[in-house]
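Trainee: no sequence on this one, just coordinates:
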């Protein structure tokens, strides 16, 4: 158990809909990262927040947005969903703001299926 | 454009040493190189990290040559439970650059 929690575990929705994925980082960790992993594909970095502020942005679509709240939990919002958005979405957290310097602890993921 | 390259897959046998190499260009002098392991339907897990020469921990070693254009993850005496996907990660200007992953299959 990494200490990172993600809800929901599974999510099934229809094209065009909007969903929100939630992540609670490990106690004390200030950074939250979001990743997308499509079936049998590698990890695609989406975005990182550090202590409430956006720190780095990867290949995140304009239909996707995220935020980190004062209690440090984070939400990833996916809108106008398409079939290709079906994937496993991971959240990770780290103590510091440098994702390559500080060990990232990954949650169990949310499996999103868009029908 | 920063990029990493890893072999797509590798096979080995129990008890052997396995070396997985990741090539990365444009990595700065003090940028770390990190390796993660991922089992199916689980999040990746940290293995080892370094930025120069050699680093060793209880599960692996990481070799980084002087030009830092590549790094090699070494797994000594692998077992069936080491069957997983292994990712290298470098960070350049706060951008997280992940390799595409190497699927390692250990055979009995």
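Mentor: Right, received. Where do you want to start? Everything quoted here is computed from the prediction, not taken from an experiment.

Trainee: pLDDT at residue A:84, what is it?
Mentor: Each residue has a pLDDT score; the one for residue A:84 is 95.

Trainee: could you list the buried residues of the longest strand belonging to chain B?
Mentor: The single longest strand within chain B, with elements called by DSSP state E, is strand B:84-92. Using 16 or more other CB atoms under 10 Å in any protein chain shown as the test for burial, strand B:84-92 gives B:84, B:85, B:86, B:87, B:88, B:89, B:90, B:91, B:92. The way it works is simple: take the backbone N, C-alpha and C, and place the C-beta from them, glycine included.

Trainee: which positions in stretch B:46-58 come out as buried?
Mentor: Of the residues in stretch B:46-58, those buried under the neighbour-count criterion (16+ other CB under 10 Å) are B:46, B:47, B:48, B:49, B:50, B:51, B:55.

Trainee: what of stretch B:69-84?
Mentor: B:70, B:71, B:72, B:73, B:74, B:75, B:78, B:82, B:83, B:84.

Trainee: that stretch near chain A at all?
Mentor: No - Stretch B:69-84 does not reach chain A (CB under 8 Å from any CB of the partner chain); its nearest approach is 12.4 Å.

Trainee: immediately after the helix or strand bottoming out on mean pLDDT in chain A, which helix or strand?
Mentor: Across the helices and strands of chain A, mean confidence by mean pLDDT, DSSP states H and E is lowest for strand A:53-57: a mean of 91. Later in the chain than strand A:53-57, the nearest helix or strand by DSSP states H and E is strand A:64-68.

Trainee: now do that next one: which elements does it pack against?
Mentor: Judged by 3 or more CB pairs under 8 Å, 6 or more residues apart in numbering or on different chains; DSSP states H and E, the packing partners of strand A:64-68 are strand A:44-50, strand A:74-78.

Trainee: centre of the chain to the longest strand of chain B, how far?
Mentor: The chain centre lies 6 Å from the centre of strand B:84-92; the measure is CA atoms, centre = their mean, to the nearest Å.

Trainee: next up, the contacts around residue B:64.
Mentor: B:33, B:50, B:51, B:52, B:53, B:54, B:55, B:70, B:71, B:72 (CB atoms under 8 Å, 6 or more residues apart in numbering or on different chains).

Trainee: if we go by neighbour counts, what in the least confident helix or strand of chain A is buried?
Mentor: Buried positions in strand A:53-57, judged by neighbour count with 16+ other CB under 10 Å: A:55, A:56.

Trainee: list of residues touching that strand?
Mentor: The contact list for strand A:53-57 (CB under 8 Å, 6+ apart) reads A:31, A:45, A:46, A:47, A:48, A:49, A:68, A:97, A:99, B:94, B:95, B:96.

Trainee: so where do the strands sit in chain B?
Mentor: For chain B, the strands defined by DSSP E cover B:4-5, B:9-13, B:18-24, B:33-38, B:45-50, B:53-56, B:61-64, B:70-75, B:84-92, B:95-98, B:102-107.

Trainee: typo on my end, chain A
Mentor: Counting by DSSP E, chain A has strands at residues A:5-7, A:10-13, A:19-24, A:31-37, A:44-50, A:53-57, A:64-68, A:74-78, A:87-94, A:105-106, A:110-114.

Trainee: packing partners of the last one?
Mentor: Contact partners of strand A:110-114 among helices and strands, from 3+ CB pairs under 8 Å, 6+ apart: strand A:10-13, strand A:19-24, strand A:87-94.

Trainee: can you list the residues of chain B near chain A?
Mentor: So far as CB under 8 Å from any CB goes, chain B lies against chain A at B:31-34, B:36, B:41-46, B:49, B:87, B:89-91, B:94-96, B:98-101.
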